[in-house]
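K.L.:
Following is a predicted model, sequence given first.
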Protein chains: 2
Amino acid sequence: MREKSKLAEKAARAIGLLGGGVIGGGWAARFILNGIDVRLYDPAPNAVESVQKVLANARRAFRKLTMVPLPPEGALTVVESVADAVRGVDLVQESAPERLELKQQLLAAASRAAAPGTLICSSTSGFRPSLLQSEMEGPACFLVAHPFQPVYMLPLVELCAGERTVPEALERAAAIYRAIGMHPLVVRKEVDGFIANRLQDAISREALWLVHDDLATLEEIDDAVRYSWALRRAAIGSYRMADGGAGMRQGIEQWAFRWPWSRLTDKPEMDSAFLDKVAAQADALAKADPLPVPLEHKRDDLLVALLQGLRSEAYGPGETLARWEQQLRDRAPLPAQDSEPLRTLRKIPSNWIDANGHAAESAYLQLCSDATGSLGRYIRENGADLENGGAYYTVETHLTHLGELHAGDRVEVLTQVLGADDKRLHLFHVIKRDGDDEPAAMGEQMLVHVDAKTRRSAPVKGPVRERLLQLARSHAQLPRPDTAGASIQMR
Amino acid sequence: MREKSKLAEKAARAIGLLGGGVIGGGWAARFILNGIDVRLYDPAPNAVESVQKVLANARRAFRKLTMVPLPPEGALTVVESVADAVRGVDLVQESAPERLELKQQLLAAASRAAAPGTLICSSTSGFRPSLLQSEMEGPACFLVAHPFQPVYMLPLVELCAGERTVPEALERAAAIYRAIGMHPLVVRKEVDGFIANRLQDAISREALWLVHDDLATLEEIDDAVRYSWALRRAAIGSYRMADGGAGMRQGIEQWAFRWPWSRLTDKPEMDSAFLDKVAAQADALAKADPLPVPLEHKRDDLLVALLQGLRSEAYGPGETLARWEQQLRDRAPLPAQDSEPLRTLRKIPSNWIDANGHAAESAYLQLCSDATGSLGRYIRENGADLENGGAYYTVETHLTHLGELHAGDRVEVLTQVLGADDKRLHLFHVIKRDGDDEPAAMGEQMLVHVDAKTRRSAPVKGPVRERLLQLARSHAQLPRPDTAGASIQMR
């Protein structure tokens, strides 16, 4: 709990973005979809369109990635100068092309114009931070924050301090990146390419030798990797299965470089014959295994699938995702007052649609679940203690379908407490499409309070009990729905 | 279909296994769980126990990996000689320790004893097939078939022919490996380490330099990889997003080896100080991030989650999994008859899990939906016409929760038709976890037949109507569930 409140406190409200290419666009998307305003400076004529395109891809991917409602989007403001971009922001993210002098100039300009204490971060893939901060007036709050493509999907951000960076800057930056669902990794020593890209560079070198020597094509290399160790490394890394130090030592003694398995003493000459060969293979691959256009959608869907898989195991990047969702849940706005049914707003995501083109029947129950979740937050955050050691589990649901919902529909769920006692909670949800008079569905539910430890039904106690009984009394003044208590009958 | 029957025809019935270590055990598990008999030769005293342990892990993982019923297990027979192991088998898989002379001897002995035409495959991680087949009497049917750890989970098997191998041997072997759910990749030219391990060797080299130079620890290296590019490579590889030849050329010209991002001109000295350092880091990692014991379970669960994620996108290793399941389904017995409730099997996917770690309530309704879908297929596939211009829409559901389901649980949904008339269909679903006596949930549903064009309720006609009424009459002989027609009441 302490960590959470610390994070919430340190989340950014606005950031300045220098450069809106693929990386800058990915940053813009990640910040905006987390409710943070972005001030973009990029002199390229099509920068805004390019950012908008990445943002559209990210919106689509986030809808699939999480069921938790996202906060209202941050605003994207396009500005005409570095000074305008860094004004009033908590953090500046530089994502200019990989040219040292260009980055140094931009960072120096940002440093001159930013308020003291503003974090200034570079997305550089390889330059050492001491080199980048050399021209800055205020280098203490500068660091490298190197993300990975697609920035809005992959959780890693490598943080690296320069000689003149203060340690506190790294901590503040890490909290901001964590709050937008990332996994900051501190690179403790300055080194060209940091950690992840040095390893990718090694693979690339060997892969291009394989192509050069006609041992494998790009397609064969990709398949060799993705059907074997990339799966294992994405799942659990490489060193966790070593069985500790003894196993690791034995493994290295037995295996490391005992045979001539890589050709790493040089790099292939990048002459035009070689470039032609690589380009021809890439074309052949695109033809042999054509992905639906835009490619980014398929890539993102696959990443969503992997991240959700890891989330179900609460491990690695999946744990990062779960923690981010918890933060989003904690920040979601609260519904109305005791005197009215609780109001929960939702938008029907595209992956809730069934083969007939409308919302799958389970989507309606999910809306009821979400509304019950809102009720829980409403009860707790209006004065009741979170720590009462229990939770409400649904034991019965009666769902009635009256209309159809479609992807993108905005709906409200109005939730009335029909009854409550020491163990039970009787709810009635009315699901309405925005603007409609008639409901699209109604859900009646009985929930039972369950002890967190024994997982058996147990009385609810303390302030939560008081609040619930109070809410039930208030809602008893509201008209009781006609169909409450109905059963399914084939008359 | 032609390809499928060809595969089925070429599936092995029995294989001989030379060596029952970690790799041999993984092979044993993959073959046995696919219904293929295994004859194991391994002079080590604890070889059988070791194979049994891997087999137990594989059984556990396969139960989570697929809902499709597996064929009856093949038999594991322990034999006392190479000659006994290769007798009457379709394929011999050699997985002895990585010592050239030992492998040559075993393969020569296998070749002398095996029936002509028996495939003989080596699991070597690095030796060239021409070297391995040099002592063999019948080298024509010999090839390298190099798998990846854990063999029963990772789909890749690299196939490589030696100078004296006939091409037809590769084709036959590929069909056998495909039939046990693998993805054979033909390595077209002989090279030490083949493809995948040459790339891993390059990573290892760079990783150990990072450790040697104190730039990163094993834990930092693992995190840098698994939170970033390992996810992307597992999802979609590296070259598919290059936008064909032009993009690839530009990428290489712009990026490849332009900066000193890897240190590949040598390998670190494997002296005892360095080994101590690596071992200490591996111990620290094991302490910092302790995995539940046995480690293999967590690793397998994570791989299951990734493979299922990719299957949902029908891509890469997920497509391999889907194709394997289709083969299993084609071989599986047909479902029930009119005289029993219809049985639908499902596995709870990882993205159906809520914040409490068990299946979200909407998951139970999804199971009812799926079961209704099965009913539709059952009705149509037993003689009725698909094209009747209508569909059944759920109008009411009463769901009762009695237990919890978790990710990976295998469940069966038993569906009874409680009633049917010209427009309505009254169903009762019982959801049970595999092996449980008591249901986890029950769902009662009323569906109405809707005209596809008008989207209004309309009578069902023709053969679908006949089949449904007939099924309703048969199911009327079954006991009626006690709770049918119940309503939600706060008594």
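P.N.:
Happy to help now that I have it. Predicted, not measured: the structure shown is a model, and the values here were computed from it.

K.L.:
Spatially central residue in chain A, please.
P.N.:
Nearest to the geometric centre of chain A sits A:G181, at 4.6 Å (C-alpha atoms, centre = their mean).

K.L.:
Please give me every residue in contact with A:K103.
P.N.:
Residues near A:K103 by C-beta atoms under 8 Å, 6 or more residues apart in numbering or on different chains: A:94, A:96, A:122, A:124, A:127, A:132. The way it works is simple: take the backbone N, C-alpha and C, and place the C-beta from them, glycine included.

K.L.:
And A:D436, by the same measure?
P.N.:
A:G403.

K.L.:
that's a helix at it, yeah?
P.N.:
No: counting by DSSP: H, G, I helix; E, B strand; the rest coil, A:D436 is not part of a helix but coil.

K.L.:
show me where the stretch 301-450 of chain A has helices.
P.N.:
Using DSSP state H, counting those that start in this stretch, the helices of the stretch 301-450 of chain A run over residues A:317-331, A:361-381.

K.L.:
Domain map for chain A?
P.N.:
A:2-194, A:336-475 (automatic domain parsing).

K.L.:
what's the model's confidence in the last one, averaged?
P.N.:
In this case it means domain A:336-475. Mean pLDDT, domain A:336-475: 84.

K.L.:
so how far is that domain from its chain's centroid?
P.N.:
Between the centre of domain A:336-475 and the centre of its host chain there is 25 Å, according to C-alpha atoms, centre = their mean, to the nearest Å.

K.L.:
Over to stretch A:30-50?
P.N.:
So, by C-alpha atoms, centre = their mean, the centroid of stretch A:30-50 is 18 Å from its chain's centroid.

K.L.:
That one near chain B anywhere?
P.N.:
No: shown here: stretch A:30-50 not in contact with chain B (C-beta under 8 Å from any C-beta of the partner chain), separated by at least 14.5 Å.

K.L.:
end-to-end on that stretch?
P.N.:
End-to-end span of stretch A:30-50 (C-alpha to C-alpha, to the nearest Å): 15 Å.

K.L.:
Likewise for stretch A:306-325?
P.N.:
Stretch A:306-325 end-to-end distance (C-alpha to C-alpha) = 16 Å.

K.L.:
Would you mark the buried spots in it?
P.N.:
In terms of neighbour count (16 or more other C-beta atoms under 10 Å in any protein chain shown), stretch A:306-325 has its buried residues at A:306-313, A:315-318, A:320-325.

K.L.:
burial count for A:L469?
P.N.:
Look at A:L469: counted by other C-beta atoms under 10 Å in any protein chain shown, it has 15 neighbours.

K.L.:
C-alpha coordinates for the helix or strand it falls within, PDB please?
P.N.:
Element membership of A:L469 [criterion: DSSP states H and E] is helix A:462-475. Output of helix A:462-475 as PDB, limited to C-alpha atoms (Å, rounded to 0.1, in the frame of the first residue of the first chain):
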ATOM      1  CA  GLY A 462     -17.000  -3.000  10.600                       C
ATOM      2  CA  PRO A 463     -17.300   0.100   8.500                       C
ATOM      3  CA  VAL A 464     -18.000  -1.900   5.200                       C
ATOM      4  CA  ARG A 465     -21.000  -3.500   6.900                       C
ATOM      5  CA  GLU A 466     -22.300  -0.100   8.100                       C
ATOM      6  CA  ARG A 467     -21.900   1.500   4.800                       C
ATOM      7  CA  LEU A 468     -23.600  -1.300   2.900                       C
ATOM      8  CA  LEU A 469     -26.600  -1.400   5.300                       C
ATOM      9  CA  GLN A 470     -26.900   2.300   5.000                       C
ATOM     10  CA  LEU A 471     -26.800   2.200   1.200                       C
ATOM     11  CA  ALA A 472     -29.400  -0.600   1.200                       C
ATOM     12  CA  ARG A 473     -31.700   1.600   3.400                       C
ATOM     13  CA  SER A 474     -31.300   4.500   1.000                       C
ATOM     14  CA  HIS A 475     -31.900   2.400  -2.100                       C
END
